[in-house]
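S.K.: My questions are about this predicted structure, shown below with the sequence.
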Amino acid sequence: AQTVTQSQPEMSVQEAETVTLSCTYDTSESDYYLFWYKQPPSRQMILVIRQEAYKQQNATENRFSVNFQKAAKSFSLKISDSQLGDAAMYFCAYRSRAGGTSYGKLTFGQGTILTVHP
Amino acid sequence: NAGVTQTPKFRILKIGQSMTLQCTQDMNHNYMYWYRQDPGMGLKLIYYSVGAGITDKGEVPNGYNVSRSTTEDFPLRLELAAPSQTSVYFCASSQGLAGVETQYFGPGTRLLVL
């Protein structure tokens, strides 16, 4: 079974600065997807960024980028030019690309609470 | 476009009571999921469905039941509520095609069992 670990329960950053959230995972599979979800106080889960394991290039979405290290099984999220609206709980998630009835299930980490100071 | 909707938003149950959490999606997605999120924790999969009439257990299925009679609806049933089921419940859906499909989440149902 796959596991996802976020070792930082809480992080804080000053507005306009850069912060990196860590995520490691354990899997025996070679093909999979990794995601970062944001959960603001409204509790709605919002997809921030996703990475396909077979792609060596790190995914980027505007101010959000990842550092994907497949051999180390590490998937960190970098938020540049942090904004007050970035304050939320961030979850790292894993999804197998294998077929069968397990297809599509997400395994989540414990989450990291990000505080943005003005 | 409503996406994934869940009702109710909040509910208080007494121990031993039953209830059904409703989930509907209007995106014609094949895959639907139920997760629970305990305080300060990530989401854990309860049940999922790969299409109408097909459901399967996730990580934490005990105490719950599901059905999938239509593509749009995926209700979650709690038969005998227990305090351990106090949690926030999220329904999600995805198209399920090959590729990096996005799971779309509903707004969640907060359940308190006393």
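M.R.: It's in. Numbering: from 1, shown residues only, chains lettered A, B, ... in the order given.
S.K.: Who is the residue in chain A positioned nearest to chain B paired with across the strands?
M.R.: Going by CB to the nearest CB, chain B is nearest to residue A:108 of chain A, at 3.4 Å. Every C-beta, even on glycine, is put in place using the N, C-alpha and C of the backbone. Residues in a beta bridge with residue A:108, per DSSP bridges, are residue A:93.
S.K.: who's in contact with it?
M.R.: A:4, A:37, A:91, A:92, A:93, B:35, B:42, B:43, B:44 (CB atoms under 8 Å, 6 or more residues apart in numbering or on different chains).
S.K.: can you check residue B:95 too?
M.R.: By CB under 8 Å, 6+ apart, the contact set of residue B:95 is B:27, B:29, B:30, B:31, B:101.
S.K.: who in chain B is up against chain A?
M.R.: Counting by CB under 8 Å from any CB of the partner chain, the residues of chain B close to chain A are B:31, B:33, B:35, B:40-45, B:48, B:50, B:54, B:56, B:58, B:88, B:90, B:92, B:94, B:96, B:100-103, B:105, B:107-108.
S.K.: Give the burial count for residue A:6, as a bare number.
M.R.: 20 (other CB atoms under 10 Å in any protein chain shown).
S.K.: mind checking how far it is from residue A:113?
M.R.: 10 Å (CB to CB, to the nearest Å).
S.K.: which one is residue A:48 nearest to, not counting chain neighbours?
M.R.: Excluding its sequence neighbours, the residue lying closest to residue A:48 (CB to CB, 6 or more residues apart in numbering or on different chains) is residue A:36, at 4.4 Å.
S.K.: Looks like the one you found contacts residue A:77 (just checking).
M.R.: Yes - counting by CB atoms under 8 Å, residue A:36 touches residue A:77, with 4.8 Å between them.
S.K.: what's the overlap in contacts for the two?
M.R.: In contact with both residue A:36 and residue A:77: A:21, A:23, A:48, A:49, A:64, A:66, A:90, A:92, using CB under 8 Å, 6+ apart.
S.K.: okay, now the fourth one: neighbour count?
M.R.: Yep, that's residue A:49 we're talking about. Residues contacting residue A:49 under the criterion other CB under 10 Å number 20.
S.K.: circling back to that earlier point, which residues are common contacts for residue A:6 and residue A:113?
M.R.: By CB under 8 Å, 6+ apart, residue A:6 and residue A:113 have these common neighbours: residue A:90.
S.K.: Output the below-cut-off pLDDT ranges for chain A.
M.R.: Within chain A, the stretches with pLDDT under 70 are A:98-104.
S.K.: Kindly recompute the last result at 50.
M.R.: By pLDDT under 50, chain A has no low-scoring segment.
S.K.: ok, which stretches of it are helices?
M.R.: Using DSSP state H, no helices are found in chain A.
S.K.: Show me the residue at the heart of it, geometrically.
M.R.: Residue closest to the average C-alpha location in chain A (CA atoms, centre = their mean): residue A:36, at 2.9 Å.
S.K.: can you give me the strands in the chain?
M.R.: No chain in the question, so chain A it is. Using DSSP state E, the strands of chain A run over A:3-5, A:10-14, A:19-21, A:24-26, A:32-39, A:46-52, A:60-61, A:64-69, A:74-79, A:88-96, A:106-108, A:112-117.
S.K.: wrong one, chain B
M.R.: For chain B, applying DSSP E gives strands covering B:4-7, B:10-13, B:19-25, B:31-37, B:43-51, B:54-57, B:64-66, B:76-78, B:87-94, B:104-105, B:109-113.
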